[in-house]
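Chemist: Need a 3D model of the sequence below.
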Amino acid sequence: MLETSSRLLSLLALLQTRPAWTGAELAERLEVTTRTIRNDIDRLRELGYPVDATRGPAGHYQLGVGAKLPPLLLDDEEAVAVAVGLRTGAGVAGMGESSARALTKLEQVLPHRLRRQVKAIHSTMEKGPDNTGSNVKDPEIDPALLTAIAACIRDEHYLRFDYEIPSDGPIRGPGSGTASSGLPILVAPYRLVSWQRYWYLVARDEADAWRTYRVDWMSLRMATGRRYQPRPMPGDDYTNFVLRDVATTGWKVHARITVFAPAQEVLSRIHAAVGVVESVDDDTSVLVTGAESLEIVAVYIGMLGLDFQVDGPPELVEHLRTVGNRYLRAIR
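Modeler: Predicted coordinates:
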């Protein structure tokens, strides 16, 4: 009986890993006959787990959609990854409490060896403040807002919303991000991107231009229910589009830094969150970067360890002059 129960769990785990399995494949993986597989499939159905069967030369088994949620069967690495992800997840309102509940349930069913691994990671891991560049509280997104946007992307429906840039925000929001001015914005949404503690929507606007919108500045209007003809971004390069767009328009301070080094060398010295690197020639490149303050931009530049030239904005030039003189005085 124990062998049968264990085999049923293994069979259920296999059915969850990919859409379809032939009876022969399942029999080979579980080291039983195809007749035993058929009997075990019937037992799973009796327990309330719908398993669809397709007959013929292309016959296969597939876990169907039913009223019961099958037990989530994870291997060791997957279980630890999920537990750590639940521990560190943030950025969505209410997610902390939900993650804590889910983590408690998961830890209750983890084998002893995995529970010790997870606890060891948790006891040695700390999380720094999400916003290190200003005194402004990091935004938290309503899960219903993310769900509604994701549904429009999935169903290829136009999205209508108001867009309001706060008074202490950048001069221009991401994607040129002008405020709605009382009129709703209508876009064809394509992708949600999470970066630097913010959520961004990448979409095509009514002028057929690609735009980036901060989700925490959006207020959805009534659903349109209208479908658009999808024309994805070339290369599906949505994340890099957000990085470039925010680096050039989405911060309070923006700068184009001429760096006297090849673009590949600059890229090897910075994190992707710092900005975008453009090649000028074999020995010169431009770093397009931004931040919430002059001090942070100065830190980014200083950490390059390469010669550079800054022509603007004037406030950044003056700040670098002040910092440079301060360093010179420090070594006299």
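Chemist: got a list of what residue 37 touches?
Modeler: Residue 37 makes contact with 11, 23, 26, 27, 30, 61, according to Cβ atoms under 8 Å, 6 or more residues apart in numbering. (Glycine included, C-beta is placed from N, CA and C.)
Chemist: could you redo the last one with a cut-off of 7 Å?
Modeler: Counting by Cβ atoms under 7 Å, 6 or more residues apart in numbering, residue 37 makes contact with 23, 26, 27.
Chemist: Next step: these restricted to helices.
Modeler: For the contacts of residue 37, membership in helices holds for 23, 26, 27, with DSSP state H as the criterion.
Chemist: check which helix or strand covers the residue lying closest to residue 287 once chain neighbours are set aside.
Modeler: In space, and not counting its chain neighbours, residue 287 is closest to residue 257: 4.3 Å by Cβ to Cβ, 6 or more residues apart in numbering. In this assignment (DSSP states H and E), residue 257 forms part of strand 253-259.
Chemist: for residue 289, same thing?
Modeler: Going by DSSP H and E, residue 289 is in strand 284-291.
Chemist: just to revisit the earlier point, now do the strand holding residue 257: distance to the chain's middle.
Modeler: Distance, stretch centre to chain centre, for strand 253-259: 26 Å (Cα atoms, centre = their mean, to the nearest Å).
Chemist: can you tell me which residue is nearest the centre of this structure?
Modeler: Relative to the mean C-alpha position of the chain, the nearest C-alpha, by Cα atoms, centre = their mean, is the one of residue 194, at 4.2 Å.
Chemist: Identify the bridge partners of residue 214.
Modeler: Applying DSSP bridges to residue 214 yields these beta-bridge partners: residue 200.
Chemist: For it, the count of nearby residues, please.
Modeler: A total of 22 residues lie near residue 214 under the criterion other Cβ atoms under 10 Å.
Chemist: Does it touch residue 195 like I think?
Modeler: No - assessed by Cβ atoms under 7 Å, residue 214 is found out of contact with residue 195, at 10.8 Å.
Chemist: so the residue nearest to the centre of the chain bridges to which residues?
Modeler: Counting by DSSP bridges, residue 194 is bridged to residue 199.
Chemist: Against residue 238, how distant is it?
Modeler: As for residue 194, its distance to residue 238 is 11 Å (criterion: Cβ to Cβ, to the nearest Å).
Chemist: Same check on residue 197?
Modeler: From residue 197 to residue 238 the distance is 18 Å (Cβ to Cβ).
Chemist: More neighbours: which of the two?
Modeler: residue 238 (19 against 15).
Chemist: Contact partners for residue 304?
Modeler: Counting by Cβ under 7 Å, 6+ apart, residue 304 makes contact with 259, 266, 269.
Chemist: Please repeat the previous calculation with a cut-off of 8 Å.
Modeler: By Cβ under 8 Å, 6+ apart, the contact set of residue 304 is 259, 266, 269, 270, 287.
Chemist: Give me the three-state assignment for it.
Modeler: Following DSSP: H, G, I helix; E, B strand; the rest coil, residue 304 is assigned to coil.
Chemist: repeat for residue 224
Modeler: Secondary structure, three-state DSSP: residue 224 is coil.
Chemist: hang on, it packs against residue 158?
Modeler: Yes - counting by Cβ atoms under 8 Å, residue 158 is a contact partner of residue 224 at 4.5 Å.
Chemist: list the residues that contact both of the two?
Modeler: Shared contacts of residue 224 and residue 158, counting by Cβ under 8 Å, 6+ apart, come down to residue 186.
Chemist: Could I get the full set of helices for this structure?
Modeler: 2-17, 23-30, 34-46, 76-88, 95-109, 112-123, 143-155, 238-249, 263-269, 294-302, 314-330.
Chemist: most neighbours per residue, which of those helices?
Modeler: helix 238-249 (a mean of 20; mean count of other Cβ atoms under 10 Å).
Chemist: now that one, how far from the chain's geometric center?
Modeler: The chain centroid and the centroid of helix 238-249 are separated by 14 Å under Cα atoms, centre = their mean.
Chemist: Report all helices and strands that it contacts.
Modeler: Counting contacts by 3 or more Cβ pairs under 8 Å, 6 or more residues apart in numbering; DSSP states H and E, helix 238-249 is packed against strand 185-195, strand 198-204, strand 210-214, strand 275-281, strand 284-291.
Chemist: between that helix and strand 253-259, how many degrees?
Modeler: Calculated by axes from the mean of the first three to the mean of the last three Cα atoms, to 10 degrees, helix 238-249 forms an angle of 100 degrees with strand 253-259.
Chemist: Residue 99 is in contact with residue 86, isn't it?
Modeler: Yes - contact criterion Cβ under 8 Å: residue 99 and residue 86 qualify, at 4.5 Å.
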